[in-house]
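K.L.:
Provide a 3D model corresponding to the input given below.
(4 chains)
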2 protein chains.
Amino acid sequence: MLHTVLSEAELQLCEAFGRLFEDGGSTRIAGRVVGWLMLCDPPHQTQAELVQGLGVSKASVSTELRQLELRGMVERITLPGDRRSYYRVAIDAWPELMARRLRVIDRCVALADEGLALLEHASDERRARLAGLRHGYVRLQAVMRAALEELRAETRAGRPGPASGKAGKRTVKASKASHEKRSKR
Amino acid sequence: MLHTVLSEAELQLCEAFGRLFEDGGSTRIAGRVVGWLMLCDPPHQTQAELVQGLGVSKASVSTELRQLELRGMVERITLPGDRRSYYRVAIDAWPELMARRLRVIDRCVALADEGLALLEHASDERRARLAGLRHGYVRLQAVMRAALEELRAETRAGRPGPASGKAGKRTVKASKASHEKRSKR
DNA sequence: CGGTTCGTTCAGTCAATACCGAACTAACTG
DNA sequence: CAGTTAGTTCGGTATTGACTGAACGAACCG
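P.N.:
Just a heads-up that it's a prediction; the model follows:
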């Protein structure tokens, strides 16, 4: 056995991830990669394994992985004595993910504010429309900030790690399995 | 004065709405329409006014308005003795909007559940990844449900309306201004 | 009944971009 | 050094879908 193989059903789940990501404004392949990294065993995979397993091009995997790492959803790890990089779903992705969502909401609030500034001397009725919009977004902003704090606290608690905040790289157990030669092709 | 005209700055705000909607997976024109309806005076506008004001095609305005009405962001009203329909930003859009966001989150939770079902007999480590994903989404789901309830309560409170829940159509004050003949083209 | 206005629908155009193959760089191995 | 492997980048292709013009339908007006 040379590399992770997912069952038909698991691959279908990857596709579901793909569609979800697509709908969310990302790319299908990014979603498939995340899906794969959610299910695979071991949890860390090489680019080549993703290429093989998902049947997509090297180029796409490379690009999307970088994108995902940028967004904090995937992290790159290395193993001693291995030239390749391995990728796995980020352990502490949630706070970052939530923060990103929040930033969009912030933008909405800012937009409403800008509008209210423009209508400074306009009728109450006109201002009321924007004020209502703003109100809803502020509400959303508030609850999401709360959720973000909860998640941050949880992550800190669940991950005693070194004193330094970012909970440095954790040890990767040997897992020689994914460490083999592939002479074929 | 034949119809609403927005200032340069206000039009720029419409564009900002357009970009926001675009980024959010909707269309630029939908955003521009919402922006216009947020700022215009009177708050209700005909399709023709939107076409004129935004400089986009009749076809697009028709399509996007229907889309926006579908999503509950815009409502169509009619005036006595006027053949045209008027559109305005929906008064009670927020609960619906929030509910829609929630549905996306639900889908994510469902996806994680599906994965967990597939990995029923897999190692704890493999299940943990999906469980973590699920956990975050459930958290988000919870706070958003709370926010939704708050908003629902507010809307009910702020809008005494008829006993029937949905707070029926409210009176539209005469506003003859937007009611004139336009002989010109 | 023509003629005008309001609105929808559809087919076509155009721009954006997801994806890929191939060329390339860089690091390692013998 | 030549040869293999890992990964990035770039140019091209093909798909998608936003937007439009024009044709159409439907309701009103004389």
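
K.L.:
list the buried ones in the lowest-mean-pLDDT helix or strand in chain A?
P.N.:
Lowest by mean pLDDT, DSSP states H and E among the helices and strands of chain A is helix A:124-158, with a mean of 92. For helix A:124-158, burial by neighbour count (16 or more other Cβ atoms under 10 Å in any protein chain shown) applies to A:126-127, A:129-130, A:132-137, A:139-141, A:143-145, A:147-148, A:150-151, A:154-155. Yep, even glycine has a C-beta here, placed from its N, CA and C like the rest.

K.L.:
likewise stretch A:47-60?
P.N.:
Quick answer for stretch A:47-60 (16+ other Cβ under 10 Å): A:Gln47, A:Glu49, A:Leu50, A:Val51, A:Gln52, A:Gly53, A:Leu54, A:Val56, A:Ser60.

K.L.:
So is it next to chain B?
P.N.:
No: contact of stretch A:47-60 with chain B (Cβ under 8 Å from any Cβ of the partner chain) is absent, the minimum separation being 15.3 Å.

K.L.:
in chain A, which spans are helices?
P.N.:
Listed in chain order, the helices of chain A (DSSP state H) span A:8-23, A:28-39, A:47-54, A:58-70, A:93-118, A:124-158.

K.L.:
Redo these as JSON lines? Include distance to DNA strand C.
P.N.:
Converted to JSON lines, the helices of chain A look like this (distance: least, Cβ to the nearest atom of the strand, whole Å):
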{"stretch": "helix A:8-23", "distance to DNA strand C": "7"}
{"stretch": "helix A:28-39", "distance to DNA strand C": "3"}
{"stretch": "helix A:47-54", "distance to DNA strand C": "8"}
{"stretch": "helix A:58-70", "distance to DNA strand C": "3"}
{"stretch": "helix A:93-118", "distance to DNA strand C": "17"}
{"stretch": "helix A:124-158", "distance to DNA strand C": "21"}
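
K.L.:
So which of these is nearest DNA strand D?
P.N.:
helix A:58-70 (3.1 Å; Cβ to the nearest atom of the strand).

K.L.:
got the angle between that closest one and helix A:47-54?
P.N.:
110 degrees (axes from the mean of the first three to the mean of the last three Cα atoms, to 10 degrees).

K.L.:
now check helix A:58-70, is it near DNA strand D?
P.N.:
Yes: Helix A:58-70 lies within reach of DNA strand D by Cβ under 7 Å from any atom of the strand, at A:Lys58, A:Ala59, A:Ser62, A:Thr63, A:Leu65, A:Arg66.

K.L.:
mind checking how far the last one is from A:Ala59?
P.N.:
Using Cβ to Cβ, to the nearest Å, one obtains 11 Å as the distance from A:Arg66 to A:Ala59.

K.L.:
The buried residues of stretch A:47-60: which two are farthest apart?
P.N.:
With Cβ to Cβ as the measure, no two of those lie farther apart than A:Glu49 and A:Ser60, at 14.1 Å.

K.L.:
where does chain A have low pLDDT?
P.N.:
A:1-3, A:159-185 (pLDDT under 70).

K.L.:
what domains does the record give for it?
P.N.:
Following automatic domain parsing, one gets these domains for chain A: A:8-91, A:93-158.

K.L.:
do you know which of these lies nearest B:Leu111?
P.N.:
Here domain A:8-91 is closest among the domains of chain A (Cβ to Cβ), at 5.7 Å.

K.L.:
okay, how far is it across the closest one, tip to tip?
P.N.:
With Cα to Cα, to the nearest Å as the measure, domain A:8-91 spans 26 Å from end to end.

K.L.:
likewise stretch A:49-60?
P.N.:
Taking Cα to Cα, stretch A:49-60 runs 13 Å from one end to the other.

K.L.:
ok, now how distant is the residue positioned nearest the centre of chain A from A:Gly31?
P.N.:
Among the residues of chain A, the one closest to the centroid is A:Met73, at 2.7 Å (Cα atoms, centre = their mean). Per Cβ to Cβ, A:Met73 is found 10 Å from A:Gly31.
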